[in-house]
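[1] Here is my input; please provide its structure:
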Amino acid sequence: MSNLINSVERALDVLLYLNRADGPVGVSQISKDMGMHKSTVFRTLATLESRRFVFQNPDSGKYSLGVSLYSMSNKIQFYDVFKPFARQLGEEFKEAVNVSVLESTAEGVFRSTIVVKEDSKDNVLSVSPTIGTSMDCYCSSVGKCLLAFSPDVPVESLKKYSFARYTHKTIAGPEELAEELARVRAIGFAVDDEEQEIGLTCVGVPIFDPSGQAVAAMSISGPTPRMQAHDTEKLAQRLREVAAEITTLL
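    Sure thing, here's the model as predicted:
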């Protein structure tokens, strides 16, 4: 067919190959199995990796399907799987619950996109994003979790944020963000302590698939006094329990 674009067709063939593979595969093996020159395989993989459609293991150098493809294929499933849990948490704590996935812009800026939302019946906050809303990751609990636990977020990508100061508590630069992400990894959850809006506090945890890859993050948000009354540690523990239940369904 004359309307086909060869480079796009090759990229799709590589994705289909990786989908059928039993595990991560190296460039030489892909080249041999697909009858494609190594340089062509490498360029195709590099392009796909730049948009997170494939992931290269930094230790083995081998490739597997990436988070962007997983996220695209699971957005509908995410809603069906996550919505009952979001509703359950919303009713339990009487606060807003969001589930977000990690996406990137053409410039390589990572953002969190809401795929499930359960509103609080007592929403007194000015920040109330809808499903599909995309936000910078450096100033939200779900964004921090996604950056901290996703395997294919390069450290240098943290420098691409504008670091707009929404409040005096907003993270101000890449060094501060890197320190915060290290802390998130150490404790297993993230907090947005009035970093987007004064009076708003959010607690978030990562959601892992059965292989241990972070595919989403879930948060509880509410007015700071009420969130303090709930106790951050207890909220995080409850979120982790729910996230573990979700993992068994993915």
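[2] Identify the bridge partners of the most centrally placed residue in the chain.
    Residue closest to the average C-alpha location in the chain (C-alpha atoms, centre = their mean): Leu102, at 3.0 Å. Beta bridges link Leu102 to Ser112 when assigned by DSSP bridges.
[3] any idea whether the closest residue to Tyr161 other than its chain neighbours is helix, strand or coil?
    Ranked by C-beta to C-beta, 6 or more residues apart in numbering and with sequence neighbours excluded, the top spatial neighbour of Tyr161 is Tyr138, at 5.2 Å. Every residue, glycine included, has its C-beta placed from N, CA and C. What DSSP: H, G, I helix; E, B strand; the rest coil gives for Tyr138 is helix.
[4] circling back to that earlier point, any idea of the pLDDT on the residue nearest to the centre of the chain?
    What the model reports as pLDDT for Leu102 is 88.
[5] same check, this time on Pro151
    pLDDT, read off for Pro151, is 77.
[6] give me the low-pLDDT residue ranges for this protein?
    1-2, 67, 69-78, 121-128 (pLDDT under 70).
[7] So which residues of it form strands?
    54-56, 63-65, 96-104, 110-118, 134-136, 190-193, 200-208, 214-223 (DSSP state E).
[8] Which one of those strands lies nearest to Pro84?
    strand 110-118 (9.8 Å; C-beta to C-beta).
[9] Which strands or helices does the closest one pack on?
    Judged by 3 or more C-beta pairs under 8 Å, 6 or more residues apart in numbering; DSSP states H and E, the packing partners of strand 110-118 are helix 67-93, strand 96-104, strand 134-136, helix 141-149.
[10] Reformat those as a markdown table; add distance to Glu118.
    Formatted as a markdown table, those follow (distance: least, C-beta to C-beta, whole Å):
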| stretch | distance to Glu118 |
| --- | --- |
| helix 67-93 | 4 |
| strand 96-104 | 4 |
| strand 134-136 | 17 |
| helix 141-149 | 14 |
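[11] most tightly surrounded among those?
    helix 141-149 (a mean of 28; mean count of other C-beta atoms under 10 Å).
[12] What's the separation between the residue nearest to the centre of the chain and Ala214?
    8 Å (C-beta to C-beta, to the nearest Å).
[13] was I right about Ile114 contacting Val99?
    Yes: if you go by C-beta atoms under 8 Å, Ile114 and Val99 touch, sitting 7.2 Å apart.
[14] Got the domain ranges for the chain?
    6-65, 68-247 (automatic domain parsing).
[15] Which stretch among these is buried most, on average?
    Of the domains of the chain, domain 68-247 is the most buried (mean count of other C-beta under 10 Å), at a mean of 18.
[16] measure it end to end?
    18 Å (C-alpha to C-alpha, to the nearest Å).
[17] And stretch 163-178, by the same measure?
    From start residue to end residue, stretch 163-178 stretches across 13 Å - C-alpha to C-alpha.
[18] contacting residues for the spatially closest residue to Gly23 that is not a sequence neighbour?
    Leaving aside its chain neighbours, Gly23 sits nearest to Ser64 (7.2 Å; criterion: C-beta to C-beta, 6+ apart). Ser64 makes contact with Leu18, Ala21, Gly23, Pro24, Val25, Val54, Phe55, Asn57 under the criterion C-beta atoms under 8 Å, 6 or more residues apart in numbering.
[19] Nearest spatial neighbour of the fourth one, chain-adjacent residues omitted?
    Counting by C-beta to C-beta, 6+ apart, Pro24 lies nearest to Lys62, which is 3.6 Å off, once chain neighbours are set aside.
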